[in-house]
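K.L.:
just a sequence and a predicted model for now, questions to come.
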Amino acid sequence: MTSKPLYALLLDVDGPVASPVTRTLAIDSIAADLVAMARAGVPFVFNTGRSDVFVARTVMPSLVAAGLPDDAVVLAVCEKGSTWFVPKPEHLDGAGDDLEVDERLRVPTGLVEFCRSIAPDFEDAMFFDATKKAMVSFEALHGIDLETYGRRQHEIEQRIWDFLAEQEIGVAWEDRTALNDSDDVALRIDPTIISTDVEHIGTGKQVGADKAVAYLAGLGITPREWRTLGDSRSDYAMADRLHERGFVVRHGDVRPADGLLERTYPVEVTPDPALTNDAAGAAFLTRWRADVKRGEVSAAF
């Protein structure tokens, strides 16, 4: 593998790679383009709130089927930076003993048990994700009306907010913050369009960016440019961190209708406004594959 590939890719999973509707790699070109770039020496890092199990069961089979080479440089940073592993074909059901967990970023066991205990009260709209190792997640049932889910989502988040107040644990939730007689905010309640995560305040997509840089540096890889891809405002944090560290980076936003953030580095969207989520992600990846084949970076679509 060349030590100076054209690109290194830092990719959110839900949205730009996996469909938020089917929660699968629904567009064949996504796996094909990633594999083609891997064969050309481009490393890529998944930077996701998902668990290692989701990456192993949902993402990796499509890449392996598309011919992912054994020497491909791939890293999966999961649960917003609190866990990570190097995916291999043998990881059929999860990373197992190969999973690294940052113990400093685990949520309290009492919170996990509380959330597990209230999950049956909300099983009409969501399920408790038992595959998470460091954070707590509730995910929307497949096919549920998102307006209905949104109401139930707010209700469960309020229950968790109230529990943390009783436990005197500082918490942030959207635009609300409560110290709850503690010294600092320790946890964050983070809603998305299909889930609610309760996570350590120290997690975030910037943590995944740091782990990606460290991993490639350990392999002696220095990409000419980083390309990041996400579907939410929180995903800008990975490009922010790379930019802060002096790397050349361009960020692709696959759901610009939520509002683009102004940055001093380039932020891109697809030329076709009808393309969102994984359809837009596929367009970005196809373009980057063409860049790699040509051997020149592209400034825009």
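P.N.:
Done, it's in. Numbering: from 1, shown residues only.

K.L.:
can you give me the helices for this structure?
P.N.:
28-39, 52-54, 60-65, 109-118, 146-166, 205-218, 236-244, 277-294 (DSSP state H).

K.L.:
just those: most buried one?
P.N.:
When neighbours are counted by mean count of other Cβ atoms under 10 Å, the highest per-stretch mean among the helices of the chain falls to helix 52-54, a mean of 24. All C-beta spots, glycine's among them, are computed from the backbone N, C-alpha and C.

K.L.:
how about the most centrally placed residue in the chain: what's its closest non-neighbour residue?
P.N.:
Geometric centre of the chain, nearest residue: residue 48, 1.9 Å, by Cα atoms, centre = their mean. Nearest non-adjacent residue to residue 48, counting by Cβ to Cβ, 6 or more residues apart in numbering: residue 13, 3.9 Å away.

K.L.:
how many neighbouring residues does residue 127 have?
P.N.:
Residue 127 has 15 neighbours, counted by other Cβ atoms under 10 Å.

K.L.:
give the bridge partners for it, please.
P.N.:
With DSSP bridges as the criterion, residue 127 is bridged to residue 139.

K.L.:
enumerate every residue touching residue 210.
P.N.:
Taking Cβ atoms under 8 Å, 6 or more residues apart in numbering as the criterion, residue 210 is in contact with 81, 241.

K.L.:
mind redoing it with 7 Å?
P.N.:
Going by Cβ atoms under 7 Å, 6 or more residues apart in numbering, residue 210 touches residue 241.

K.L.:
roughly how far apart are it and residue 225?
P.N.:
18 Å (Cβ to Cβ, to the nearest Å).

K.L.:
for residue 200, same thing?
P.N.:
Residue 200 is 31 Å from residue 225, where distance means Cβ to Cβ.

K.L.:
neighbour count: these two, which is higher?
P.N.:
Taking other Cβ under 10 Å, residue 200 and residue 225 do not tie; residue 200 has more neighbours (22 against 16).

K.L.:
the closest residue to that one other than its chain neighbours: neighbouring residues, count only.
P.N.:
The shortest distance from residue 200 to any non-neighbouring residue, by Cβ to Cβ, 6+ apart, is to residue 105 (4.4 Å). Around residue 105 there are 20 other residues, counting by other Cβ under 10 Å.
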